[in-house]
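K.L.:
My questions concern the predicted model and sequence given below.
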Amino acid sequence: MSGTDPAGVLRTRPLYQVVNNDNKRVAYFYDSDIGNYAYVTGHPMKPHRIRLAHSLVMNYNIYKHMEIYRAKPAVTSEMTQFHTDEYIEFLQKVTPDNMDSFMREQGKYNVGDDCPVFDGLFEFCGISAGGSMEGAARLNRDKCDIAINWAGGLHHAKKSEASGFCYVNDIVLAILELLRFKKRVLYIDIDVHHGDGVEEAFYTTDRVMTVSFHKYGEYFPGTGELRDIGIGQGKNYAVNFPLRDGIDDKAYETIFEPVITNVMQYYQPEAVVLQCGGDSLSGDRLGCFNLSMRGHANCVNFVRGFGLPTLVLGGGGYTMRNVARTWAYETGRLVGVEMDRVLPYNEYYEYYGPDYELNVRSSNMENANSYEYLEKIKIAVIENLKRTAAVPSVQMQDVPRASMGVTDDQEDEDDDLDADENQDVRLTQRQWEKRRERADEFEESDDEDMARSNGVYKPNGHTKQETNFRDTAKDDDTMEVDSGVATPGQPAAEETGDNDDTMIDEALAEVVAEAVAEEAAEAAAAAAKAAAATATTETAPSVDIDGDVNMDEPSTATETTTDKKEVVQDAPASEPTPTQTAATTSTETETAPAASATSSETPVAADAKPATETPVVTEAPEKETSTTDKQTEGGSV
């Protein structure tokens, strides 16, 4: 069918709408190796989530508005700009095979349960830190306005100690690079945990102001009290906003925007580092806040509005599908587009069922932060900001060490080398990644072969998008389960459990079977009446005012749209799809005559339901974990 994607979904709406035409230059750092690393089995931290987010960025086509870079991994000499030589040397040497001979060092450097030794540990740290430092270096050289590294943001690591799943503090290293050219740097942390490692590193200086909004009170790491404001030269330059469980979008906005506005007014930073930990989202495996995707992204968009050089980093986040959605959406807001609510097909499409939407909803969790409490903390924070010195500055001079990032000369050499090695190639991978599409271009121009090789799935015909799911047998072997099947289930924000899968479970399948059996009996008794009066109501799922599909009523093949939707039902195919052949034995026995009569007929329209049409009961397939999933499923929600 023309205009459908590999999931069989008809696309008629654009993937995104441009909302900001300020043409910010965005540098996006991604290393495809990052998803290959995995902490130990059952560990909540999963680097694979960065690969999920990148897949959405590519398939929403927002990569066209950014320059994409694969930063060189940080090396020992760069990491020791902050960390001790002995600690980095330990990280470089220790492996799961020889860790028994480093028992004393593991205790000394807090490497163990929360921060385990795993294969490729040092390389993983190098990729994370390299992207953040290179992003800072490009901001310093005015090569971009915004730099993004979702693999960074590991804010708990100390000078000679691992902590909170973090080994090397890429944020501190990036800020040190920024301080080579910027007099004052502002660090903002919206992770649910306190950014203790960054605060500790700059606790005694006024050249870096750290602002952290976090859960406080019997919660890791146990720091970040309101009265922790810095000491010595750095007094009043550490800002902590302790919060309680369940804070929602509205309450978060009422504290975040006034505090950051006052910080900008009194501190007047020359650059901003924003840590966007996804564990402050609703439904996070380890978090206890109740922010929606858009409430979280509002913070990113608000900081973007100040127009300062900004380094945007990842951080925590332990429900992979929600973190991937949010970071992809925030990438879109940073380049100035509003992405369509309906997810395009991508290689991890099955993670996002049953709604397949770019959305993380707030739950009905109680907000323990009263208005009075938030106002009291906000007033105290702003009063502390008023005590800061007016625009602290420092005498600037040449710094002896070289920049941590790639210099302009090195980049020119890499460009020349790429051109020499690919003389017969019209568009090299390096050129494709660095090319930015103009926002005012009339028509898209893209190298589809290159896009396809980078994991971009194109609809068969249009590149416009609207969501309609229908039963279809896909040829793509990356999908273990037919994601087009209409499946009853709870909204994604209400899902709980110990598995990050969103596949249909057996209990829901039994409910569907019972409902379909009842409907089959009614249809057989009053076929003519069903064709005239109940064709629409039985085949079309209802759409609530939020644009969500109500899947409580079973349906065999439906298509749904998200805003102002038209519901269409495809005719049953003459041959059953692989998922339809999984019907229960009892139902096959009862409905065999009717089913055989229907299968030999030509397809009929949805509004002319025949009397012999028998709903097919589809059992929930058990998820077969792929090789990638086995490395990363661990126990996330």
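P.N.:
The structure has been received and is ready for your questions.
K.L.:
Span of stretch 258-277 from start to end?
P.N.:
20 Å (C-alpha to C-alpha, to the nearest Å).
K.L.:
If you could redo that for stretch 26-44, that was the one I meant.
P.N.:
30 Å.
K.L.:
Buried residues, it. List them.
P.N.:
26-31, 33-39, 43-44 (16 or more other C-beta atoms under 10 Å). The C-beta positions use only the backbone N, C-alpha and C, and glycine is treated the same way.
K.L.:
between those residues, which is nearest Phe256?
P.N.:
Nearest to Phe256 out of these is Val26 (C-beta to C-beta; 22.3 Å).
K.L.:
mind listing what that closest one touches?
P.N.:
Applying C-beta atoms under 8 Å, 6 or more residues apart in numbering to Val26 gives the contacts 65-67, 144-148, 334-335.
K.L.:
how far away is it from Arg138?
P.N.:
Val26 sits 11 Å away from Arg138, taking C-beta to C-beta, to the nearest Å as the criterion.
K.L.:
okay, and the common contacts of the two?
P.N.:
Counting by C-beta under 8 Å, 6+ apart, the contacts common to Val26 and Arg138 are 144, 147.
K.L.:
just the strands in this protein please.
P.N.:
Ranges of strands in the chain, per DSSP state E, are 16-18, 26-29, 67-69, 146-149, 185-189, 208-215, 238-243, 271-275, 310-313, 337-339, 542-543, 549-550.
K.L.:
Make TSV from those strands and add mean pLDDT to it.
P.N.:
TSV is the format used below for the strands of the chain (pLDDT from 0 to 100):
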stretch	mean pLDDT
strand 16-18	91
strand 26-29	96
strand 67-69	94
strand 146-149	98
strand 185-189	98
strand 208-215	97
strand 238-243	97
strand 271-275	98
strand 310-313	98
strand 337-339	95
strand 542-543	40
strand 549-550	40
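K.L.:
Any stretches of the protein with poor pLDDT?
P.N.:
1-3, 390-413, 416, 418-419, 421, 423-427, 429-449, 451-453, 458-637 (pLDDT under 70).
K.L.:
ok, for Val168, nearest residue in space, not its chain neighbours?
P.N.:
Counting by C-beta to C-beta, 6 or more residues apart in numbering, the nearest residue to Val168 once its immediate chain neighbours are dropped is Cys125, at 4.1 Å.
K.L.:
for the one you found, what are its contacts?
P.N.:
Taking C-beta under 8 Å, 6+ apart, we find Cys125 in contact with 74, 79, 91, 167-168.
K.L.:
if you set the cut-off to 10 Å instead, what comes out?
P.N.:
37, 73-74, 79, 83, 88, 91-92, 154, 157, 162, 166-170 (C-beta atoms under 10 Å, 6 or more residues apart in numbering).
K.L.:
how far away is it from Leu374?
P.N.:
For Cys125 relative to Leu374 (C-beta to C-beta), the value is 37 Å.
K.L.:
swap in Tyr16?
P.N.:
For Tyr16, the distance to Leu374 equals 34 Å [C-beta to C-beta].
K.L.:
again, but for Leu52
P.N.:
Taking C-beta to C-beta as the measure, Leu52 falls 33 Å from Leu374.
K.L.:
Also Ala328?
P.N.:
Taking C-beta to C-beta, one finds Ala328 at 30 Å from Leu374.
K.L.:
Who has more neighbours out of those two?
P.N.:
Each of Ala328 and Leu374 had its neighbours counted (other C-beta atoms under 10 Å), and the higher figure belongs to Ala328 (25 against 19).
K.L.:
for the more buried one, what are its contacts?
P.N.:
Residues in contact with Ala328, defined by C-beta under 10 Å, 6+ apart, are 52-60, 62, 150, 293, 339, 343, 346, 358.
K.L.:
ranking those by neighbours, who comes first?
P.N.:
Trp150 leads the contacts of Ala328 on contacts (other C-beta under 10 Å) with 30 neighbours.
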